[in-house]
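# Would you be able to build a 3D model of this:
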Amino acid sequence: MVAMLFIGLVLGLTVPSIASRFGKILPADPGLICAMLWHKPRFPKSTNPARVQLFKSKWKRLIIFSVIWGVVLMGLFGCVHVFIPSDMRVWGYIFIYITALLMTVDQQYYLLPDFFTIPLLLLGVTSAYFSPFDGLTMGERLCGAWFGYALSTVSVFVMSFFKKGEFGAGDVKMLTALGAWFGIVGLNAVLVLSFVFFVCTAFLKRVRADAFGPSLGLAGIIVFFLIYTKLWWTIL
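Presented below is the predicted three-dimensional model:
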């Protein structure tokens, strides 16, 4: 338990720093992204007081968000260790970490990179094979993935007649990935919750358009715990 709390804290601390690099990396293939993520950052020197102050402000913001994500992931990893069945715990840790990265990248750059969405999709299917969950079959997961892809594609098609660019390809892939984890019924719950979160966020920020990834990610984490603690099946 203590070890997983520490791992969650350390991984959480890395979320903002990894996410902040995608603005300079993309577009790029997965191999180049891996190389750039581990590339030692350069710290530019400047004698301009305004630039120095800006640089300090960015570092301060990065440290604050790193601490916040560290605490959040530490708590989530602890919940996975306590409430999730042992054969699904490792998958749960991975799911939460990748989802946290997607939420942060989308919040900063308004994009959900394939570098995270495709592995999230593949891991959803793979976990069904190596750690079969008695409440969700492989067939239900595959149907959920197809449903997520079809629904989001149709939504983009319909919305394109009114306003383009409101729903991106990254959102389509993330919904497909979440469908592979939760099936059709679980994905519908994610859609409802994410819509509620998005409306609340837009209202608080007083904006009409914002990144949808954070709302999707938060809803996905909640549904993950509902399904894999079997609370979902109790409710149904």
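# What distance do you get for Leu193 to Ala219?
Leu193 sits 4 Å away from Ala219, going by Cβ to Cβ, to the nearest Å. C-betas here are computed from N, CA, C, even on glycine.
# more crowded one of these two?
Set Leu193 next to Ala219 and count neighbours by other Cβ atoms under 10 Å: Ala219 wins out with 22 against 19.
# Now for that one: which residues touch it?
Contacts for Ala219 (Cβ atoms under 8 Å, 6 or more residues apart in numbering) come out as 189-194, 197.
# Now secondary structure, distance to Leu178 and pLDDT too, for these, in CSV please.
Converted to CSV, those look like this (DSSP: H, G, I helix; E, B strand; the rest coil; distance: Cβ to Cβ, whole Å; pLDDT from 0 to 100):
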residue, secondary structure, distance to Leu178, pLDDT
Ala189, helix, 10, 93
Val190, helix, 5, 93
Leu191, helix, 9, 91
Val192, helix, 13, 92
Leu193, helix, 11, 93
Ser194, helix, 9, 91
Phe197, helix, 14, 91
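# ok, Lys60 - how many residues close by?
Count around Lys60 with other Cβ under 10 Å applied: 10.
# helix or strand for it, which one?
Per DSSP states H and E: Lys60 is located in helix 49-83.
# which strands and helices sit next to that helix?
On a contact count with 3 or more Cβ pairs under 8 Å, 6 or more residues apart in numbering; DSSP states H and E, helix 49-83 meets helix 2-20, helix 89-109, helix 213-228.
# Just the C-alpha atoms of stretch 139-153, please, in PDB.
Extracted C-alpha coordinates of stretch 139-153, given in PDB (Å, rounded to 0.1, in the frame of the first residue of the first chain):
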ATOM      1  CA  GLY A 139     -17.300  -8.900 -26.800                       C
ATOM      2  CA  GLU A 140     -18.900  -6.100 -24.700                       C
ATOM      3  CA  ARG A 141     -15.600  -4.200 -24.700                       C
ATOM      4  CA  LEU A 142     -15.200  -4.500 -28.500                       C
ATOM      5  CA  CYS A 143     -18.800  -3.400 -29.000                       C
ATOM      6  CA  GLY A 144     -18.100  -0.400 -26.700                       C
ATOM      7  CA  ALA A 145     -15.100   0.600 -28.800                       C
ATOM      8  CA  TRP A 146     -17.100   0.400 -32.000                       C
ATOM      9  CA  PHE A 147     -19.900   2.300 -30.400                       C
ATOM     10  CA  GLY A 148     -17.600   5.000 -29.200                       C
ATOM     11  CA  TYR A 149     -16.100   5.400 -32.700                       C
ATOM     12  CA  ALA A 150     -19.400   5.300 -34.500                       C
ATOM     13  CA  LEU A 151     -21.200   7.700 -32.100                       C
ATOM     14  CA  SER A 152     -18.400  10.300 -32.100                       C
ATOM     15  CA  THR A 153     -18.000  10.000 -35.900                       C
END
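# what's the average pLDDT for that stretch?
Mean pLDDT, stretch 139-153: 89.
# Then stretch 80-99?
91.
# From the rest of the structure, what touches that stretch?
1, 4, 7-8, 11, 15, 73, 76-77, 116, 119-120, 123-124, 127, 131, 133, 181, 217, 220-221, 224-225, 228-229.
# so what's Tyr149 closest to, chain neighbours aside?
Thr176 (4.3 Å; Cβ to Cβ, 6 or more residues apart in numbering).
# doesn't Thr153 make contact with the one you found?
No - taking contacts as Cβ atoms under 8 Å, Thr176 lies outside contact range of Thr153: 9.4 Å.
# If you count surrounding residues, which of these two has more?
The neighbour comparison of Thr176 against Thr153 (other Cβ under 10 Å) goes to Thr176, with 25 against 15.
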